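Student: Sequence below, structure please.
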Amino acid sequence: MLAEFNEGRSKSFYCIVATVMDIQEIKEAIVLARDISAGADIKTKSKALHVILDKIAQERKYNLRLRK
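Tutor: You can find the predicted model right below:
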């Protein structure tokens, strides 16, 4: 996620995702984001992955927010 979809502001979000979500869910989200954002700039790619991960989290009732 960091290598392909990090626009500079998503590192914490991706770390939380890696901690909370199942590896298979993450792999499926990355494949889908690659398909959706093929040829796009890094901000568009990041946005696509965020939307997909947020949708999965909402369906499975995961909390992906950093608690301070």
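
Student: Might one say that residue 18 is in contact with residue 29?
Tutor: No - with contacts counted by CB atoms under 8 Å, residue 18 stays clear of residue 29, the gap being 11.4 Å. Bear in mind the C-beta positions are built from the backbone N, C-alpha and C, glycine included.

Student: Look at those two and report which has more neighbours.
Tutor: Taking other CB atoms under 10 Å, residue 18 and residue 29 do not tie; residue 29 has more neighbours (24 against 12).

Student: Please give the element, helix or strand, for the more buried one.
Tutor: helix 23-36 (DSSP states H and E).

Student: tell me which residues in that helix are buried?
Tutor: Using 16 or more other CB atoms under 10 Å as the test for burial, helix 23-36 gives 25-26, 29-30, 32-33.

Student: Switch these over to CSV; also include distance to residue 13 and pLDDT.
Tutor: Shown next, in CSV, are these (distance: CB to CB, whole Å; pLDDT from 0 to 100):
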residue, distance to residue 13, pLDDT
25, 15, 95
26, 12, 95
29, 12, 96
30, 14, 95
32, 17, 96
33, 13, 95
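
Student: Pick the one among the residues you listed closest to residue 41.
Tutor: residue 33 (13.5 Å; CB to CB).

Student: Wait, that closest one touches residue 54, no?
Tutor: No - in this structure, residue 33 is not within contact of residue 54 by CB under 8 Å, at 11.8 Å.

Student: neighbours around residue 57, how many?
Tutor: Here the count is done by other CB under 10 Å, and residue 57 has 19 residues near it.
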